[in-house]
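*Asks:* Here is the input, now give the coordinates:
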Amino acid sequence: MWSVIKSVLAAFFGVQKERQRRTDFETGRPVVFIAVGIVMTLVLVGLVALVANLAAR
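*Replies:* Sure, this is the predicted structure:
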């Protein structure tokens with residue numbers, strides 16, 4: 001699971017190596033990567049909203 005999270009984070013910020021991306025596509029299940037990507041996006045949006053809310057006070 002950590003390798004999926006690491007790959008999603010690297011792809012999320014655009015720093016994933018081509019070799020790792022190719023390995024992910026060959027061996028990984030797309031549903032897992034999509035689910036982790038959605039969860040990480042929701043966490044990022046939640047953190048931005050929290051920081052914005054705290055800054056507005």
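
*Asks:* Please identify the buried residues of the longest helix anywhere in the chain?
*Replies:* Taking DSSP state H as the assignment, the helix of the chain that covers the most residues is helix 30-56. For helix 30-56, burial by neighbour count (16 or more other CB atoms under 10 Å) applies to 33, 36-37. (C-beta placed from N, C-alpha, C; glycine too.)

*Asks:* now do stretch 20-29
*Replies:* residue 24.

*Asks:* what's the angle from the helix or strand containing residue 3 to helix 30-56?
*Replies:* Element membership of residue 3 [criterion: DSSP states H and E] is helix 2-12. Here helix 2-12 points in a direction 60 degrees away from that of helix 30-56 (axes from the mean of the first three to the mean of the last three CA atoms, to 10 degrees).

*Asks:* next one: phi and psi at residue 14?
*Replies:* phi 80, psi 30 (degrees, to the nearest 10).

*Asks:* Enumerate every residue touching it.
*Replies:* Residue 14 makes no contacts at all, as judged by CB atoms under 8 Å, 6 or more residues apart in numbering.

*Asks:* circling back to that earlier point, who are the packing partners of the helix holding residue 3?
*Replies:* helix 18-27, helix 30-56 (3 or more CB pairs under 8 Å, 6 or more residues apart in numbering; DSSP states H and E).

*Asks:* follow-up on the earlier one: and the buried residues of helix 30-56 as JSON lines, adding distance to residue 14 and pLDDT?
*Replies:* Shown next, in JSON lines, are the buried residues of helix 30-56 (distance: CB to CB, whole Å; pLDDT from 0 to 100):
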{"residue": "33", "distance to residue 14": "16", "pLDDT": "88"}
{"residue": "36", "distance to residue 14": "17", "pLDDT": "92"}
{"residue": "37", "distance to residue 14": "13", "pLDDT": "92"}
